[in-house]
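**Q** return a 3D structure for these sequence lines:
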Amino acid sequence: MALQYKIREQKTKFGSTERVYYYAQTVLGQKVTFDELCEELADGSTVGVADVKAVVNRLATVISRNLKRSCAVDCGDLGTFRPSIRSKASETAEDFDVSLIKHPAVIFTPKPKFKTSLHGTQLRAVKSKYVTDSGEGSETEEEEYEPSGHTGL
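**A** Residues are numbered from 1 along each chain as shown. As a prediction, the model looks like this:
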């Protein structure tokens, strides 16, 4: 198993100077559907697919309800979900108004074990075109790389 990537070209312009940089971009495989996920979870347990679907759907409802109550929700080895808001600044506390608050957001913080689960994963360049702003580019060669240290995340 290896994470696949392709090279993405990005142009940056500072004033009259334009530079081109190349970055690795993850290439996603086929999406695992909710049904497939539930089947895989059920296959490795003593409960059926319907029970897994019910629990996962209920989990989303319970997390949402608790986030609306300003609670952080610990999901074991997966990580923690917490509510967050941002706002514009006011010069004094008395000048602050609720209209300065932007839309609330959900922040997910993975637990260390989950966050580092991709460390040591092999990386593989896919045979595809370089990705550019215009969608054009040249062919890449396929190569494998096995990192010996930190791989990000």
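**Q** run a quick neighbour tally on the nearest residue to Gly76 once chain neighbours are set aside.
**A** Once flanking residues are discounted, Gly76 sits nearest to Lys111: 7.6 Å by Cβ to Cβ, 6 or more residues apart in numbering. Using the backbone N, CA and C atoms, a C-beta is placed for each residue, glycine as well. Using other Cβ atoms under 10 Å, Lys111 has 15 neighbouring residues.
**Q** what's the pLDDT at Lys111?
**A** Lys111 carries a pLDDT value of 96.
**Q** would you check that it makes contact with Gly79?
**A** Yes: counting by Cβ atoms under 8 Å, Lys111 does reach Gly79; the two are 4.8 Å apart.
**Q** my read is Lys6 is in a strand, agree?
**A** Yes: counting by DSSP: H, G, I helix; E, B strand; the rest coil, Lys6 falls inside a strand.
**Q** isn't it right up against Gln25?
**A** Yes: the pair Lys6 / Gln25 is scored as a contact, 5.7 Å apart, by Cβ under 8 Å.
**Q** of those two, who's got more company?
**A** Taking neighbours as other Cβ under 10 Å, Lys6 and Gln25 compare with Lys6 leading, 18 against 15.
**Q** now do the strands in the chain.
**A** 2-14, 17-26, 73-74, 79-84, 105-110, 122-125, 144-145 (DSSP state E).
**Q** rebuild those as a markdown table, extending it with distance to Leu37.
**A** Listed next are the strands of the chain as a markdown table, based on distance: least, Cβ to Cβ, whole Å:
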| stretch | distance to Leu37 |
| --- | --- |
| strand 2-14 | 19 |
| strand 17-26 | 19 |
| strand 73-74 | 20 |
| strand 79-84 | 17 |
| strand 105-110 | 17 |
| strand 122-125 | 24 |
| strand 144-145 | 28 |
